[in-house]
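Asks: coordinates for the following, if possible.
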Amino acid sequence: MILYEYPFNERVRAYLRLEYLFDRLFFLVRGDDMREHQIAVSTLFDILDVLERTDVKGSILQDLERQRSGLAALRDHPGVAQDVLEGMLGDMERVIGVLTAQGKIGQALRENEWLSSLRGRLSVTGGATQMDMPSFYAWQQKPAEVRRADLARWIDSLMGLCEGLALALRLLRENGAKSQAVAEQGAYQQMLGGKQHQLLRVWIEPTQGVFPEISANKYMIWIRYATQDGELKPQPVARDVPFSMSLCSI
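Replies: I've put the predicted structure just below:
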């Protein structure tokens, strides 16, 4: 199944963007090629850009505190697996503690003069060539394990946020029931009656050869399925499309 996710607000949109960037960063760091590590550094700066536009740390702490209060009320509740509950509460308390103890996320990276100068160069198309940034080119010539060690050191200051983000998204995604639906003639609508949701998840069978174009707010969901022609331009489909969906909220 191919999964598509649609956020109902900017907070969750920032969460999903950061999750995507962290996933790309960790993949690139594992490589050996200096070009992979250049993109890893650029991705590191992309993460800083997101953090400077949104108070992600504060939002994650609010979400985790809210969830912790709700789960703590289930202690000694019949029918609840207490070992699983205590394990989850322990994870939440640990992550909350780490995030609370940290100052501004990524501040050490912003205060690194070499990284700051590189950040400016990488924002210019082709600005990281050896003629523009010889010190960066010299770093790229170092052994892969040396570059990976530097990247790991720079990423370390973001790991608390990464773990908190993963936990917040896990709790959000798990707080939704999966259901089956059919988009008649390629279109699907559902009224929500003003109920607040944070995330819509849609699963499609790859054999359908379609993808969803989604619009949603607290009043309704609108999904229109499309396929791609030879030039990859989206083309609406006019047939029934079965799919699965889940509305998630904290």
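Asks: need the strands for this protein, in chain order.
Replies: Counting by DSSP state E, the chain has these strands, from start to end: 2-7, 178-183, 187-191, 199-204, 211-216, 220-228, 234-236, 241-248.
Asks: quick one: mean pLDDT over the longest one.
Replies: Just to be clear, that refers to strand 220-228. When the per-residue pLDDT values of strand 220-228 are averaged, the result is 95.
Asks: hmm, back to that, could you export the strands of the chain to JSON lines, including columns for mean neighbour count and distance to Met92?
Replies: For the C-beta atoms, the positions are set from N, CA and C on the backbone; glycine is no exception. Below are these laid out as JSON lines (neighbours: other Cβ atoms under 10 Å; distance: least, Cβ to Cβ, whole Å):
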{"stretch": "strand 2-7", "mean neighbour count": "16", "distance to Met92": "22"}
{"stretch": "strand 178-183", "mean neighbour count": "12", "distance to Met92": "24"}
{"stretch": "strand 187-191", "mean neighbour count": "14", "distance to Met92": "32"}
{"stretch": "strand 199-204", "mean neighbour count": "20", "distance to Met92": "19"}
{"stretch": "strand 211-216", "mean neighbour count": "16", "distance to Met92": "28"}
{"stretch": "strand 220-228", "mean neighbour count": "17", "distance to Met92": "30"}
{"stretch": "strand 234-236", "mean neighbour count": "13", "distance to Met92": "41"}
{"stretch": "strand 241-248", "mean neighbour count": "19", "distance to Met92": "18"}
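Asks: please enumerate the helices of the chain.
Replies: Along the chain, counting by DSSP state H, helices occupy 10-29, 34-53, 56-72, 82-101, 107-110, 113-122, 134-140, 144-156, 159-174.
Asks: quick one on the thing from earlier: lowest-confidence stretch among the strands of the chain?
Replies: Taking each of the strands of the chain in turn, the lowest mean pLDDT turns up on strand 234-236, with a mean of 91.
Asks: got the helices of the chain as a markdown table, with mean pLDDT columns?
Replies: Output for these, formatted as a markdown table (pLDDT from 0 to 100):
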| stretch | mean pLDDT |
| --- | --- |
| helix 10-29 | 96 |
| helix 34-53 | 94 |
| helix 56-72 | 89 |
| helix 82-101 | 86 |
| helix 107-110 | 90 |
| helix 113-122 | 90 |
| helix 134-140 | 94 |
| helix 144-156 | 96 |
| helix 159-174 | 93 |
